[in-house]
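Participant: Got a sequence here, can you build the structure:
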Amino acid sequence: MDFVRIQGIRFLTCLASLATLASLGHGEDSLESIEKVARDWAQTRKETVRELDDWRWQKTFLESTREALNRRTRTLEDRREYLLATSSRLRESYVEMGRRNEEAMQVLEEAGGTIDGVIAELKRLRAFLPPRLSSALEYAYQSLEDSSRTLGERMQSVASIFNRCSQFNNAITYAEEVLAMAPGEEPRYVSVLYWGLSHGYAIDSADGVSYLGSPIESGWTWERRPDIAGAVSRLMSIYHDKAKPDFVPVPVQVSDPADPDREN
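Facilitator: Take a look at the predicted model:
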């Protein structure tokens with residue numbers, strides 16, 4: 001039995017008691033007092049019912065709000081657990097990345113020392129390259145001299161030089177160049193056939209003078225060889241498809257720049 005019903009029963013009981021007293025002879029004043037009490041009680045009951053209705057609505061709202069907050073709390077707790085686990089994994093990843101970065105830096109430092117040695121050797125060997133190839137590698141060699149370039153960029157330049165040398169060495173290359181065939185001589189306009197990196201044949205078409213080029217101890221050198229002018233001209237004609245392919249005897253002088261005393 002709810003509160004309103006209990007209060008109503010109590011009121012009716014009191015009202016009955018007051019009516020009984022009034023009937024025993026307390027007169028009209030007693031009846032008026034009873035009516036006043038009854039009106040006050042009715043007003044009180046009305047207010048009580050309204051408050052109870054408000055309380056029931058608020059109670060329902062608060063209970064639903066509490067349930068929503070509980071769900072939100074559980075969600076946040078789950079999120080916190082997830083973030084804690086994720087942050088733990090991230091911290092482990094950062095530690096591992098830091099260790100790997102240290103190892104990478106050490107490798108780069110070692111590679112830097114190695115690449116410096118390779119660059120120094122490439123600079124030394126440039127003098128032994130055929131003039132045509134040496135001129136084509138001018139930009140790559142300038143890049144090696146640039147101290148502002150990163151290790152990766154210098155390694156790219158080294159790789160480019162190796163690739164170009166490999167390609168040149170695997171081909172017969174024809175060129176028309178202006179070359180000083182000996183120190184102190186005026187440059188000549190000559191036609192040249194390079195046999196890879198090993199040697200080359202040049203001829204000055206203006207006066208028919210021929211040359212044999214090869215790398216020796218001092219670098220790439222042209223040797224004046226008037227005796228092979230006919231053979232060199234024959235090679236040029238075959239190269240340009242102006243003569244049928246044939247065996248042409250020509251001299252070959254090959255030396256190892258790393259071992260100048262060794263000749264083949």
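Participant: For the rest of this, base every contact and every neighbour count on C-alpha atoms.
Facilitator: Will do.
Participant: Show me what counts as buried in stretch 173-181.
Facilitator: For stretch 173-181, burial by neighbour count (16 or more other CA atoms under 10 Å) applies to 173-174, 179, 181.
Participant: So Glu186 sits against Val178, correct?
Facilitator: No - at 9.6 Å, Glu186 and Val178 do not qualify as touching, with contact defined as CA atoms under 8 Å.
Participant: what's the strand or helix carrying Arg72 packed up against?
Facilitator: Take DSSP states H and E as the rule and Arg72 turns out to sit in helix 27-125. Helices and strands touching helix 27-125, by 3 or more CA pairs under 8 Å, 6 or more residues apart in numbering; DSSP states H and E, are helix 3-21, helix 151-169.
Participant: what's the least confident stretch among the ones you listed?
Facilitator: Ranked by mean pLDDT, those bottom out at helix 3-21, which scores a mean of 53.
Participant: What separation do you get for Asp54 and Leu179?
Facilitator: 109 Å (CA to CA, to the nearest Å).
Participant: just Met97 next, same as before
Facilitator: Per CA to CA, Met97 is found 55 Å from Leu179.
Participant: what's stretch 76-84 in contact with?
Facilitator: By CA atoms under 8 Å, 6 or more residues apart in numbering, no surrounding residue is in contact with stretch 76-84.
Participant: where does this structure have low pLDDT?
Facilitator: In the predicted model of the chain, residues 1-31, 34, 104-113, 253-264 satisfy pLDDT under 70.
Participant: repeat that for 80
Facilitator: For the chain, the stretches flagged by pLDDT under 80 are 1-55, 88, 94-95, 98-99, 101-115, 147, 151-152, 252-264.
Participant: Pull the CA coordinates from stretch 198-207 and hand them back as CSV.
Facilitator: Taking Å, rounded to 0.1, in the frame of the first residue of the first chain, the C-alpha atoms of stretch 198-207 are listed here in CSV:
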residue,chain,number,x,y,z
SER,A,198,91.1,-1.3,-73.0
HIS,A,199,92.2,0.6,-76.0
GLY,A,200,91.2,2.7,-79.0
TYR,A,201,92.1,3.6,-82.6
ALA,A,202,92.1,7.2,-83.9
ILE,A,203,92.8,8.7,-87.2
ASP,A,204,93.1,12.3,-88.4
SER,A,205,91.3,12.3,-91.7
ALA,A,206,93.0,15.6,-92.6
ASP,A,207,96.5,14.2,-92.8
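Participant: The closest residue to Ala171 other than its chain neighbours: how many residues sit nearby?
Facilitator: Nearest residue to Ala171 in three dimensions, chain neighbours excluded: Gly196, at 5.5 Å (CA to CA, 6 or more residues apart in numbering). Counted with other CA atoms under 10 Å, the neighbours of Gly196 add up to 19.
Participant: Give me the phi and psi for Gly196.
Facilitator: With angles defined as degrees, to the nearest 10, Gly196 sits at phi 60, psi -140.
Participant: mind listing what it touches?
Facilitator: Taking CA under 8 Å, 6+ apart, we find Gly196 in contact with 168-173.
Participant: could you redo the last one with a cut-off of 6 Å?
Facilitator: By CA atoms under 6 Å, 6 or more residues apart in numbering, the contact list for Gly196 reads 168-172.
Participant: Start and end of stretch 206-225, how far apart?
Facilitator: The straight-line separation of the ends of stretch 206-225 (CA to CA) is 15 Å.
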